[in-house]
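> the following block contains a protein sequence and its predicted model.
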Amino acid sequence: MIGVHPSLGEPFSFPYMKPLFNCILFSILFLSCQNGERTSEMGLGSFQESYRHSTIQSYISLFKEHPTFSAGEGFGHPVGFPDGKGYYNAQPFKKNYHLGDDLNGVGGGDTDYGDDIHSIGNGYTLFASDLGRWSGWGKVIAIIHETNIKERPFIISLYAHCSEMHIRKHDWVKRGQIIGKIGNADGLYKSHLHFEVRDDIFMGIGSGYKMDTTGYINPSDFVEQHLFINGESPNR
Ligand SMILES: [Zn+2]
């Protein structure tokens with residue numbers, strides 16, 4: 001993407017989040033009333049910690065209830081699935097403070113407009129909405145995946161500027177499933193896929209560009225390290 005976009009601030013929603021959030025908010029307000037000025041930042045921090053913990057537990061339960069969508073053997077590239085052949089990375093992660101990769105067809109220009117976008121792995125759709133040209137994002141899809149990685153049990157993959165979306169929020173998706181088509185955010189850019197991978201699963205839509213990359217990981221590196229093709233993991 002070109003330029004810096006304002007953060008939309010709306011976290012990806014989750015079916016259990018709103019009641020849980022309201023409950024926590026109520027608890028905080030209740031305790032504030034009980035303790036007056038004494039509700040410390042430490043107290044709020046521990047509420048946030050328990051909120052994060054409960055939500056991770058909810059995702060663990062959700063994936064347990066849908067075992068055919070669990071991590072499986074690994075991941076594949078979102079364009080040119082699974083090996084990424086036929087595409088190149090025009091603006092890699094961290095270049096110009098970019099928070100993702102900009103994946104383009106080797107034909108250049110808009111030759112990749114309408115090409116298939118695949119889910120990199122089995123997962124659950126957190127977000128599939130048209131944020132409009134004005135936002136710089138266009139149509140955006142975000143999917144949460146189990147990983148089988150102990151220190152990073154879930155990641156989110158995000159696919160932006162799509163011309164079409166073939167899945168909806170709350171849909172379960174299989175690894176390699178076509179979820180949308182490459183687009184140009186309604187004519188804002190030359191067509192490409194803005195592709196992010198996040199290991200902080202609680203962030204909002206974000207800005208696309210930022211100096212601090214906390215919560216984001218190198219998307220193409222992640223896929224390469226966890227590639228699974230024809231029954232093999234070539235890079236492990
Ligand atoms: Zn981009």
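Happy to help now that I have it.

> CA only for contacts and neighbour counts going forward, please
OK.

> what is the strand or helix carrying F195 packed up against?
According to DSSP states H and E, F195 maps onto strand 193-198. Applying 3 or more Cα pairs under 8 Å, 6 or more residues apart in numbering; DSSP states H and E, one finds that strand 193-198 contacts strand 101-105, strand 154-162, strand 216-217, helix 219-225.

> can you name the next helix or strand after the second one?
Translated: strand 154-162. Immediately after strand 154-162, counting by DSSP H and E, sits strand 164-165.

> partners of that next one in the sheet?
As defined by DSSP bridges, the strand partners of strand 164-165 come to strand 178-181 (antiparallel).

> for the partner strand, buried residues please.
178-181 (16 or more other Cα atoms under 10 Å).

> hang on, the earlier thing: check whether the strand holding F195 contacts the ion.
Yes: for strand 193-198 and the ion, the contact criterion (Cα under 5 Å from the ion) is met by H194.

> that strand: how far from the chain's middle?
Put simply, strand 193-198 sits 7 Å off its chain's centre (Cα atoms, centre = their mean, to the nearest Å).

> again, but for stretch 146-165
Using Cα atoms, centre = their mean, the offset of stretch 146-165 from its chain centre is 4 Å.

> what do you get for stretch 218-231?
16 Å.

> that one: which residues count as buried?
Applying 16+ other Cα under 10 Å to stretch 218-231 flags 218-220, 223-224, 226-228 as buried.

> can you check stretch 114-134 too?
114-131, 133.

> kindly report the same for stretch 88-97.
Counting neighbours by 16+ other Cα under 10 Å, stretch 88-97 gives 88-89, 91-94, 97 as buried.

> tell me the domain ranges of this structure?
Per automatic domain parsing, the structural domains of the chain span 17-65, 87-225.

> those: lowest mean pLDDT?
Considering the domains of the chain one by one, the lowest average pLDDT is found for domain 17-65, at a mean of 58.

> if I look at T55, how far off is the ion?
29 Å (Cα to the ion, to the nearest Å).

> among the buried residues of stretch 88-97, which lie within strands?
Among the buried residues of stretch 88-97, DSSP state E puts 88-89, 91 in strands.

> helices of this protein, start to end?
Applying DSSP state H to the chain gives helices spanning 17-35, 41-64, 219-225.

> which residues touch the last one?
Contacts of helix 219-225 with the rest of the structure, by Cα atoms under 8 Å, 6 or more residues apart in numbering, involve 75-77, 93, 100-101, 120, 195-197, 235-236.

> list the contacts of Q91.
Applying Cα under 8 Å, 6+ apart, we find Q91 in contact with 98, 101-103.

> rerun at 10 Å
If you count contacts by Cα atoms under 10 Å, 6 or more residues apart in numbering, Q91 has them with 1, 97-104, 194.
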